[in-house]
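Asks: Next comes the sequence, and after it the predicted model I'd like to discuss.
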Amino acid sequence: DHACRPVIDDNGDFLGYRGSNRDITDRIQVRQELDRERNLLRIVVDTLPDQIFVKDINSVFVFANIGCARKLSGKTPQDIIGKTDFDFLPKERAQKWFDEEQEIICSGNGLVNHEVCIKDHLGKIIRWLSVTKIPWRDNLGRIIGIVCLTRDITGKKDS
């Protein structure tokens, strides 16, 4: 990083340049390391078959893996960021998830490996899920949303 300015005398004649340089090698290395870690995390969460997502305190998606995006919209994670379950699911199911998430946000108590059955419109079980939802906290410990991992366990329930 450098800053350079021309130096002009009282007559308006150019005398040269005055400037300074700053070594930003450390800053570039930190940025590269953060990019590497971000890319590694993305690869890990997108490779898992589970649905992984993060929502803010209003249950709005702020992060999702490919598995979650495909299950909800059939598209990419960017397609669901800024949206809620109400944009993708039947109202009754979306309301159930929303209420559950708001309880976690208000109480600070998460759910771990909570088994949920998904039924069709006739009440027949079509899928079993294992759902883990925990509070997402900032650096000061305040709850700012939820982190969720949902695994399809239908095959294990059928056997």
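Replies: Alright, I've got the coordinates.
Asks: for the chain, what spans make up the helices?
Replies: Counting by DSSP state H, one finds helices in the chain at the ranges 25-47, 66-72, 91-107, 154-158.
Asks: Compare the mean pLDDT across the ones you listed and name the weakest.
Replies: Taking each of those in turn, the one with the lowest mean pLDDT is helix 154-158, at a mean of 81.
Asks: Distance of the residue nearest to the spatial centre of the chain relative to residue 156?
Replies: By Cα atoms, centre = their mean, the chain has its centre lying nearest to residue 63, at 2.0 Å. From residue 63 across to residue 156, the span is 27 Å (Cβ to Cβ, to the nearest Å). Heads up, the C-betas are built off the backbone N, CA and C, glycines and all.
Asks: circling back to that earlier point, now render the helices of the chain as a markdown table, adding distance to residue 56 and mean neighbour count.
Replies: Putting those into a markdown table (distance: least, Cβ to Cβ, whole Å; neighbours: other Cβ atoms under 10 Å) gives the following:
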| stretch | distance to residue 56 | mean neighbour count |
| --- | --- | --- |
| helix 25-47 | 18 | 11 |
| helix 66-72 | 15 | 20 |
| helix 91-107 | 9 | 15 |
| helix 154-158 | 30 | 11 |
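Asks: and those as a markdown table, adding distance to residue 123?
Replies: Formatted as a markdown table, the helices of the chain follow (distance: least, Cβ to Cβ, whole Å):
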| stretch | distance to residue 123 |
| --- | --- |
| helix 25-47 | 33 |
| helix 66-72 | 21 |
| helix 91-107 | 12 |
| helix 154-158 | 16 |
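Asks: closest one to residue 138 among these?
Replies: Proximity to residue 138 (Cβ to Cβ) singles out helix 91-107 among these, at 12.8 Å.
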